[in-house]
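Engineer: Sequence plus the predicted model coming up.
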Amino acid sequence: TALLMLACLVTAALLYIPALSSAVGRRDLIKTLHVLAGFALPIPVLLGVLSTAFRADLSRFNRFSPADWEWLKSADRRDVTHPKGGGGLPRGVYPIGKFNPGQKLNAAFTAGGILVMLGTGVMLTFPDPWPDRWRTGATFVHDWLFLIILVVTLGHLWYALRDTGALRG
């Protein structure tokens, strides 16, 4: 999924940003790769549904607990200190389970983004059955959502590369 998303983002940038587009050329090839990667993007998720472990993870992503909301509100969730007197959980530690709320929100955003991009991409790839105003709206949504996904992806990578503990894992 990550490789297909990266392929979509890179090819979209090559198609969308004029300086990159003219530097690379071969617009038809880039467009074909973009469309193929976009249509293939849901396939890993659909194949994952065959796995019991993947379905169990999907059910974990599906619910927010009170501890998840506390984790999101907390400014010190990364600073773990042990309470005086030894009672309770250390400060900064929340019983959130396998996935933290940031991961849950990112998964929801990514899944929604894939579906919206797939729907608008179908309208742009096969324009004949759609009225002009629908295609105009699809272009607007597709372009802006690309920019949002690009910012979220770059932010995600920046945040992940700063987390030395996660990188060691």
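Structural biologist: Structure received.
Engineer: does residue 67 count as helix, strand or coil?
Structural biologist: At residue 67 the chain is in helix, as set by DSSP: H, G, I helix; E, B strand; the rest coil.
Engineer: And it, how far from residue 124?
Structural biologist: 42 Å (C-beta to C-beta, to the nearest Å). Any C-beta I mention is one placed from the backbone N, CA and C, and that applies to glycine too.
Engineer: ok, the most centrally placed residue in the chain - contacts?
Structural biologist: Closest to where the C-alpha atoms of the chain average out (C-alpha atoms, centre = their mean) is residue 110, at 3.2 Å. Counting by C-beta atoms under 8 Å, 6 or more residues apart in numbering, residue 110 touches residue 5.
Engineer: Use 23 as the first number from now on
Structural biologist: Renumbered: residue one is now 23, and that last one reads residue 132.
Engineer: Tell me the buried residues in the host helix or strand of it?
Structural biologist: Applying DSSP states H and E as the criterion places residue 132 in helix 123-147. By neighbour count with 16 or more other C-beta atoms under 10 Å, helix 123-147 contains the buried residues 123, 126, 128-129, 132, 135-136, 139, 142-146.
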